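In: Compute the structure for the input listed below.
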Amino acid sequence: MLSETPRLPHPITWAEQDDLFRRLPAHLARMALFAVNTGLRDSNVCGLQWQWEITVPEVNRSVFVVPPEAFKSKRPHVVVLNDVAWSIIKSQRGKHPIWVFPYRSRRVGTMNNSGWQDARRAAGLRSVRVHDLRHTFACRLRAAGVSAENREVLLGHANQSMAGHYASADVGRLLDQANLVLNRTGTRTLLRVADDHHGAAPVGGHVPAPERGGSGFARQVPDTRRVAQERWITGFHSGPTATGEDLVSGRPSL
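Out: Now for the predicted structure:
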């Protein structure tokens, strides 16, 4: 594991995510995309196990219950899978009997490896750490209007836990909330407290969304089925949010 020095959080923008993730090795890009859509810490993504998966038929997907000994708060945590996270889980099935995100048939020790370091350097994001993917998820939840209580449950903070009573209604409600982070026009947030060149910017401030018929809209919507499939799998879709069915089937959502 490469050492890191303490510093303030650096949530990433959508443009930074696109640039960084496309430079990562494929297995690491999937892990990073999963992290930014679940808020899981590095150790929990690397150590995620299939035996922790529990099917919730009412919402037509699963959750993962991370046991207390594997979670920082020492409480069990239910990982709610939004549409992108669920599509990644489906793509990982059959790769290893134990680990959800293996590499060369072995458990990945950390995402903070040379592949991550090289990619962030090439993207000009030297200050971005793996843990910033968790900060990004939290910021996007807040920007989308998710309540503090629901954010705490989704992130697994110590003072909120649903692991003892993960009723299907709770999972369904939280799934809807977690899917809100997929809408880029709804979470296009100025995440920097201050910018060295442009002055202060409020955290949580929204950039106006482009008009549907405006010049930028055509670039946000996939043109073909192939492009839609590639962008959903790698996390580079920049248009309106697709439904879970669209993500799983690969159909573009226009």
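
In: how about the strands in this protein?
Out: For the chain, applying DSSP state E gives strands covering 53-56, 61-66, 77-80, 102-103, 106-107, 189-190, 194-195, 199-200, 205-206.

In: The fourth one pairs with which strands?
Out: The strands that strand 102-103 pairs with in its sheet are strand 106-107 (antiparallel) (by DSSP bridges).

In: just the third one next, same as before
Out: Using DSSP bridges, the strands paired with strand 77-80 in its sheet are strand 61-66 (antiparallel).

In: tell me the mean pLDDT for the strand it pairs with?
Out: In this model, strand 61-66 carries a mean pLDDT of 94.

In: before we move on, what about stretch 40-48?
Out: For stretch 40-48, mean pLDDT rounds to 97.

In: Not counting that stretch itself, show me its contacts.
Out: Contacts to stretch 40-48, defined as Cβ atoms under 8 Å, 6 or more residues apart in numbering, come from residues 31, 34-35, 38, 64, 66, 70-72, 77, 79, 99-101, 107-112, 130-131, 134. Where you see a C-beta, it was placed from the backbone N, CA and C, and this is true even at glycine.

In: Can you show me the CA trace of that stretch as PDB?
Out: Only the C-alpha atoms of stretch 40-48 are listed here, as PDB (Å, rounded to 0.1, in the frame of the first residue of the first chain):
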ATOM      1  CA  LEU A  40     -17.900   2.100   0.700                       C
ATOM      2  CA  ARG A  41     -14.400   2.500   2.000                       C
ATOM      3  CA  ASP A  42     -11.400   1.100   0.200                       C
ATOM      4  CA  SER A  43     -11.000  -1.900   2.600                       C
ATOM      5  CA  ASN A  44     -14.700  -2.800   2.200                       C
ATOM      6  CA  VAL A  45     -14.700  -2.700  -1.600                       C
ATOM      7  CA  CYS A  46     -11.500  -4.800  -1.700                       C
ATOM      8  CA  GLY A  47     -12.800  -7.200   0.900                       C
ATOM      9  CA  LEU A  48     -16.400  -7.500  -0.300                       C
END
